[in-house]
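[1] got a structure for you, letters missing:
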Ligand SMILES: Cc1ncc(C[n+]2csc(CCOP(=O)(O)OP(=O)(O)O)c2C)c(N)n1
Ligand SMILES: Cc1ncc(C[n+]2csc(CCOP(=O)(O)OP(=O)(O)O)c2C)c(N)n1
Ligand code: SF4
Ligand code: SF4
Ligand code: SF4
Ligand code: SF4
Ligand code: SF4
Ligand code: SF4
Ligand SMILES: [Mg+2]
Ligand SMILES: [Mg+2]
């Protein structure tokens, strides 16, 4: 089984309230708040798929979506 | 100070309900229930003034009264 | 088929009625003079797979029957004065969330701890107004064992029909009295089952949308329809709303579903009422003495009748007017300071012809007590 | 000397009134829309050596003020709907044990959790009948800050005078409204102090024996007289009794001490009532709209008056009759389904000339709402 | 049958309430009569006076209280003092000399039957005293078939004790018959 | 002074309720007027619309609600959409272009003042935006002596922040004066 | 002064049943108070509703007979309003831990200077023998006709976990212990809890075939063991008697006094 | 299935404040349920009143939003009436331990198979920032303007002493832990309590100068230590996280079933 790969960090902008939790605690600094105060993935390539952002988001606004696994 | 001496085991017959607690647990078998079902001191001379009867009586019906202490 | 005859306390008649009606869940907290209801159900319910639970207090007991009702069970709790006061918040919740349930209050002397082992009928108004906010309520009562049985069955039926808490306002005197009870055979009395939605999974079910006939089909917790239950004002799915229109509509629905059905809900008995010049209005154990007196006086030719109320709330105003307006005088016989009397007065055309025959000392009002009051209002002294 | 002027919420006016009256103990549990009363007293009471305590729930809070009152303190608790329901058992205890205390209920939408942040006046009847058993109660209300202050002082005064719990029935709209409050100077308003027995140690003190003027001198816990306080029916020393005569007498005492003093307890205001053809009866925040409308209509020459009730219980039946019997029509303006209306109807000679102008959706009833109702009953459509 | 009003009175522990229930239950269940039974509840405490009212009838019974009993049983001196006066003129007043020293005068048929002493002598178990009392009452005045009473007793007591109760009941019946009087 | 009815509306966090209280309190405490202030309470949540009603008068005020404001301040597009229609014909409608794109037509004196941008530019602290808004309003229409307002502000904010608020208020005043119109 | 001088003797003989342990608890408590020499007018006894609650009627202190379960809540009001008073709160097991459980844990948590006595007969005596939260699995009661399935609270553990700073347990058999513990509890500055196992021969005894009051006292002797005793060590299924907690921690009224001091300065 | 499929998405964005920890608890709970693969119709979520209590409106289970403090009492009725249901009861700290404290300890005592989640933000959020029984001494709150003098309960100790058979604690920072504990709690047969420390930046944060939600999560990291960790050992003043109790004991509904079996035979 190959290593998992990121497909997309999907952020529901209309749910995100911009609390910054995902940004502050992403171990790889993948995320930032944009001008509207919403989280966005600015360095998706650094993402290690730990999903801590997804799990901590109080607003269920983030999904870290993996590529279909290559077998 | 001399040893304490019993003056009287005063039992308030109108308060005693005859539960038998004092009788059962007197270490010296001093007490018995009389025909009316009330506690009475039948062997006061054996009393060791432990006052357990007085302390256990749920009806505050017994007082173990000591002689004025001889100094 | 011979009927089963028992010699029991009134409280046991209530238990028999509850089991007959299909009650399968009881949560309670002991209190005199209602305790026998809990004790008997602790023994009886598990015999039929039902559940008895003694909770930590009356609030918990009331809460527990609300939870149990939502799973589809017919539920009962029983209490007396102080416990009835404690249950008030949760009774209001059951009104608001439209949870069918039955609350028996075997009345004793109040206020407060009062006179726990003696009879009174002082919780009449509390049954109507004990919880905060506008709402309406159904309350039934009974004077003898057969009627306790019947009214208990009716309480469950009305709770299901109107999706609402129903109060059984018994009292210590009938609750503790031992007398004959004939248990009706299965099918003899009408039993209203829970109305469940027939909507299949996937179809949008509205727990709070009345059908054309006014009833609201339910769905059991655990079943396919997942909805919300709340004590906040809510929409037809049960979700909270602060929209003034919804609030207004729901409040009116809660009140109207009961107040507009007074006729259907009203239960009463007439004793010698045909040509009665003097009408005794009474209920519960007081009614026994009223009937006793009327029976005796009729033998002497006095035109005395008894209107026995078996439902107190919604108040049967029309009935009272109809039965009392032509009477020379109306004497309300009750064991309180005139709680029902005030409502009777407000209902009739000539309020000054309504009198109170009462007793408030913990002793059962006697035929003699009533006779004395009657003589007084007839101008004959005592 | 210039008076202190503040710009505050109605809830703060209540706090100022309580402090003015000498309140030195508050126990509570937060609940919207009464919470500010607790919050402000948490800051203010200890500044004067008084005590604030947040209890674990409303039952505990009500219990705590009862305990504190018996030590000689003037005490207050504050709550809203659900909390008021929970306090009912203990309120009944305070009635029975004749413990002076003040309970503020800042009303919100009910039943149940209802509409917590919006106004309603749905606890009118509950204030009277929320606890089990016969009893009586005093309940005051107010429509503006100056009156909230005054009625709060009066509540403490009446609690002391009659040794009884007094309910302050405010509502969200006045409670949260910010407006001007002039704090009266010391001595400007009458403050009734606790009446303490003057009997010295050793002389047999009867905590429950009324003096000739009907008042019952108290003795603080910790003082020389040791007596008993109970929620059971009791004798003049406060010891439980099941003697029917004592029970009857005590119950009548509890009811009569209040009902026989309706005149002394009644508080009201008249606005343009002199030659009013149409009378608006109102109270609390609803009365603001009634007065607004009457002021406006008077300018147009309409003979519209407002009878503003500031005491609801004991119900001022005589007053209502006196002020309303000659009116063409009476319009009761309130934010519920007609709770006061029913009592007004029962009081007047022509009940069918009593109408209800209400609003039950959480919005403050407006002058326009009342005007519409008025036009309807005048046969002029909306 | 005419309405019969009965009061049993005594002290807690004498079993008067149980006796009252048995009597009324037998009337209802075995005899098809109407009956009501009520009692004054006291606070849990020793020695409190106990009173139970019973009404038997073939008609429905409304007010359940007994003001003037046709039959009054008093099993302590204090309840005797309290209640003797309420007996219906011509009624039956049953006492036991072990507990009650009856007054000379009473507008009733006063019988003092040494039930307790007989029970102690013949059976030795004070616990069945109330059953013997019921037997005695039926011996003096059979309100209905005594077998009905015995059936109810048999249903109520644990199996092993039926015989004992039967013995007590019969003892009472025989004792009572000696005092039977025709009215 | 005639009765003045004012509505402040915006979203939670913009400080409209505080501004309303300051305005009404100044009228009462400093100017000896009558004033009432009320607000709609929402559930604790972000972004909920906030509205506060104020009435100023020299007469007692009974009904505290404002149906048709003489002055309406809208600080989000959504409250603008919601409330613009209730303005009293000829009234003053104040908005800020940073938040609201006003419609062309309104039977009122509509002013769109870039308060927010000025605050950010000159002061840099959005927290005093509501104070500048008050200043702007008083610049356009001085309901009473602006010093009274400033006094109340000074009493309400922590010592270290008085100057900052003063600056914000003056900024607003000056900004508003540019839009003053005589009625 | 004899203990009889602390009672209202016109109510004697008291109303408890023959052999009821609650009388013995009254006896022990009066002895403790006598030993401590506290003036009768300095004590407020607050009770709830139950056979146990009757105790407040028998003592010649200020007495407050409240509602079922509310004794501690009322007592908190008394104490906070007049901290110089000695507040003693005897409660039944149902009163203290069924309906009154919340007030119990919160009083413990606050560490307010009062003495709570749990008169634990493991049954609702006053209402005629229903099971209580201290009855325990297997107990027979009128509402547990098939025997109870409810676990019992361990009052000692619960009080300790909730924050009580003095916690002890004994029985009506061990009267000398009871007097000692009560004395210490009353003297303790903070919230103290003394659980005293008490016999209800009328209901618990009868329903559970425990015999007379005398038999029940024998049973208390058998099923308990003193903390630190070899007996208890050898047989950990015994119920431990002794002082379990005796700590010095800030007391609520004193802490509130500091609030007053701070606030008055503002 | 994504966690988003367990919610009623028409109510999103939800109403909690920006950065409110209660949302994270919802998130963790849904993840636990998803992992366990429980069917939505088999779950009843019962809550009381509070910001926390809003959680039941957001989940697509059977949901019962009850009265303040009464969630566990209502839930007990649900569970006893239909033991096959999975009953989950999230509560605020006030809801669970102030007004609801009695139901809490009694549910623990009965060991009835439900999962209680204490969403502990140490404040009454919904009513605007009053102190709760979990605030602790020194906390600033609207009703503690001079700072609180009230000791806090230790939920873990209290639950254990009252009889809960699964007890764990974690925070909204430690989300992986939260998911694990919640899974174990739901699977546990008996009464389980999971305390999750949650941030209320709006009231607790502001009143106590704890900064933003992010700052508060940092703070949770600092003030807690994992059970068995060196960190915790070295610094016992840290609040312990972990599973404190995980025991197998007779469960209430199963025991009641035995009563039914016994009774039916009669
Ligand atoms: C609110 C309320 N609920 C119930 C009762 C009935 N009640 C009175 S005492 C009691 C329990 C008594 O048990 P316990 O507290 O253990 O005291 P004991 O009689 O055993 O000493 C109950 C349930 C009541 N008086 N008030
Ligand atoms: C009987 C009753 N009392 C008080 C309230 C008011 N109230 C609602 S929520 C709440 C406390 C909320 O605090 P918590 O339980 O900690 O939940 P949070 O909002 O912090 O999540 C209070 C006191 C109420 N609704 N009902
Ligand atoms: S944690 Fe969620 S709500 Fe917060 S900023 Fe990130 S995506 Fe937005
Ligand atoms: S999955 Fe982990 S690494 Fe990737 S963005 Fe989220 S927190 Fe950062
Ligand atoms: S213990 Fe007391 S009541 Fe019992 S027998 Fe002895 S003296 Fe009598
Ligand atoms: S004092 Fe001791 S020895 Fe003497 S009678 Fe009493 S128990 Fe017996
Ligand atoms: S019933 Fe039990 S607790 Fe009550 S007095 Fe009798 S023995 Fe004591
Ligand atoms: S007030 Fe606090 S608990 Fe409530 S939603 Fe906001 S942050 Fe969360
Ligand atoms: Mg007990
Ligand atoms: Mg909280």
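    Sure thing, it's come through. Just so you know, these numbers come straight off a predicted model, no measurement behind them. Ligands and ions are numbered 1, 2, ... in the order given.

[2] state the helix or strand in which the closest residue to residue C:233 other than its chain neighbours lies.
    Nearest residue to residue C:233, sequence neighbours excluded (CB to CB, 6 or more residues apart in numbering or on different chains): residue C:247, at 4.5 Å. For glycine as for every other residue, the C-beta is placed from the backbone atoms N, C-alpha and C. Here residue C:247, judged by DSSP states H and E, is contained in helix C:244-259.

[3] got the contact list for residue A:57?
    Residue A:57 makes contacts with A:16, A:21, A:22, H:23, H:24, H:27, as judged by CB atoms under 8 Å, 6 or more residues apart in numbering or on different chains.

[4] let's see 10 Å
    A:11-12, A:15-17, A:19, A:21-22, A:39, A:63, H:23-24, H:27, H:175 (CB atoms under 10 Å, 6 or more residues apart in numbering or on different chains).

[5] go on, residue C:306?
    By CB under 10 Å, 6+ apart, the neighbours of residue C:306 are C:143, C:269-273, C:276, C:278-282, C:287, C:289-295, C:331, C:333, C:370, E:62.

[6] was I right about residue E:11 contacting residue E:50?
    Yes. Shown here, residue E:11 and residue E:50 form a contact pair, counting by CB atoms under 10 Å, at 6.2 Å.

[7] buried ones among the contacts of residue C:306?
    Buried by 16 or more other CB atoms under 10 Å in any protein chain shown: C:143, C:269, C:271-273, C:276, C:278-282, C:287, C:289-295, C:331, C:333, C:370, E:62, out of the contacts of residue C:306.

[8] from residue E:135, how far off is the residue nearest to residue C:214 when sequence neighbours are not counted?
    Of all residues not flanking residue C:214 in the chain, residue C:257 sits nearest, at 6.0 Å (CB to CB, 6+ apart). Remark: distance between residue C:257 and residue E:135 (CB to CB, to the nearest Å) = 59 Å.

[9] and residue E:167, by the same measure?
    10 Å.

[10] looking at those two, which one has more neighbours?
    residue E:135 (29 against 18; other CB atoms under 10 Å in any protein chain shown).

[11] what about the strands in chain A?
    A:6-11, A:31-33, A:39-41, A:62-66 (DSSP state E).

[12] any idea which helix or strand comes after the helix or strand hosting residue E:93?
    Using DSSP H and E, residue E:93 maps to strand E:91-95. The helix or strand immediately downstream of strand E:91-95 is strand E:108-112, counting by DSSP H and E.

[13] and the helix or strand just after that next one, which residues are buried?
    As assigned by DSSP H and E, the chain's next helix or strand after strand E:108-112 is helix E:115-122. Within helix E:115-122, the residues scored as buried using 16+ other CB under 10 Å are E:115, E:116, E:118, E:119.

[14] and of those, the nearest to residue G:7?
    The closest of the buried residues of helix E:115-122 to residue G:7 turns out to be residue E:116 (CB to CB; 35.6 Å).

[15] for chain G, just list every one of the strands.
    Under the criterion DSSP E, chain G contains strands at G:43-47, G:62-65, G:86-92, G:115-120, G:166-171, G:192-197, G:224-226, G:239-246.

[16] what residues does the residue lying closest to residue G:145 once chain neighbours are set aside make contact with?
    Leaving aside its sequence neighbours, residue G:145 sits nearest to residue C:43 (CB to CB, 6+ apart; 4.4 Å). By CB under 10 Å, 6+ apart, the residues touching residue C:43 are C:15, C:52, G:142, G:143, G:144, G:145, G:146, H:263, H:266.

[17] can you show me the helices along chain A?
    Along chain A, counting by DSSP state H, helices occupy A:21-25, A:52-56.

[18] what stretches of chain A score poorly on pLDDT?
    For chain A, applying pLDDT under 70 flags the ranges A:1-3, A:69-71.

[19] got a list of what the closest residue to chain H within it touches?
    Nearest residue of chain A to chain H (CB to the nearest CB) works out as residue A:58 at 2.6 Å. Applying CB under 10 Å, 6+ apart to residue A:58 gives the contacts A:15-17, A:19, A:21-22, H:14, H:16-27, H:172, H:198-199, H:213.

[20] now, those residues that are in helices?
    Checking the contacts of residue A:58 against DSSP H, those in helices are A:21, A:22, H:21, H:22, H:23, H:24, H:25, H:26, H:27, H:213.

[21] can you put these in JSON lines and add distance to ligand 6?
    Below are these laid out as JSON lines (distance: CB to the nearest ligand atom, whole Å):
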{"residue": "A:21", "distance to ligand 6": "72"}
{"residue": "A:22", "distance to ligand 6": "76"}
{"residue": "H:21", "distance to ligand 6": "64"}
{"residue": "H:22", "distance to ligand 6": "64"}
{"residue": "H:23", "distance to ligand 6": "69"}
{"residue": "H:24", "distance to ligand 6": "66"}
{"residue": "H:25", "distance to ligand 6": "62"}
{"residue": "H:26", "distance to ligand 6": "66"}
{"residue": "H:27", "distance to ligand 6": "69"}
{"residue": "H:213", "distance to ligand 6": "69"}
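
[22] among those, which one lies nearest to chain C?
    residue H:26 (15.2 Å).

[23] look up how far chain A lies from the closest one.
    As judged by CB to the nearest CB, to the nearest Å, residue H:26 and chain A stand 7 Å apart.

[24] pull out the buried members of the ones in helices among the contacts of residue A:58.
    The buried subset of those (16+ other CB under 10 Å) comprises A:21, A:22, H:21, H:22, H:23, H:24, H:25, H:26, H:27, H:213.

[25] of these, which are in range of ligand 3?
    With CB under 6 Å from any ligand atom as the criterion, those include A:21, A:22 near ligand 3.

[26] what number of residues lie near the residue in the stretch 151-266 of chain G positioned nearest to chain C?
    Nearest residue of the stretch 151-266 of chain G to chain C, counting by CB to the nearest CB: residue G:153, 10.6 Å away. Neighbour count for residue G:153, taken as other CB under 10 Å: 28.

[27] ok, it to ligand 3 distance?
    Residue G:153 sits 42 Å away from ligand 3, going by CB to the nearest ligand atom, to the nearest Å.

[28] cross-check the contact I'm expecting between that residue and residue G:193.
    No. Shown here, residue G:153 and residue G:193 do not form a contact pair, counting by CB under 10 Å, at 11.9 Å.

[29] list residues touching both of these two?
    Counting by CB under 10 Å, 6+ apart, the residues touching both residue G:153 and residue G:193 are G:96, G:104, G:118, G:159.

[30] ok, for the last one, nearest residue in space, not its chain neighbours?
    Spelled out, that is residue G:159. What sits nearest to residue G:159 in space, not counting adjacent residues and going by CB to CB, 6+ apart, is residue G:193, at 4.2 Å.

[31] which residues does residue G:80 contact?
    Counted by CB under 10 Å, 6+ apart, residue G:80 has contacts D:25, D:27, D:51-53, D:64, D:67-68, D:71, D:73, G:87, G:110, G:112, G:252-253, G:256.

[32] backbone phi and psi for residue C:64, please?
    Here is the backbone geometry of residue C:64 (degrees, to the nearest 10): phi -60, psi -40.

[33] up against ligand 4, what does chain A have?
    So chain A meets ligand 4 at A:9, A:26-28, A:30-31, A:47-53, A:64 (CB under 6 Å from any ligand atom).

[34] change it to 8 Å
    Chain A has residues A:6, A:9, A:22, A:25-31, A:41, A:44, A:46-54, A:62, A:64 near ligand 4, with proximity defined as CB under 8 Å from any ligand atom.
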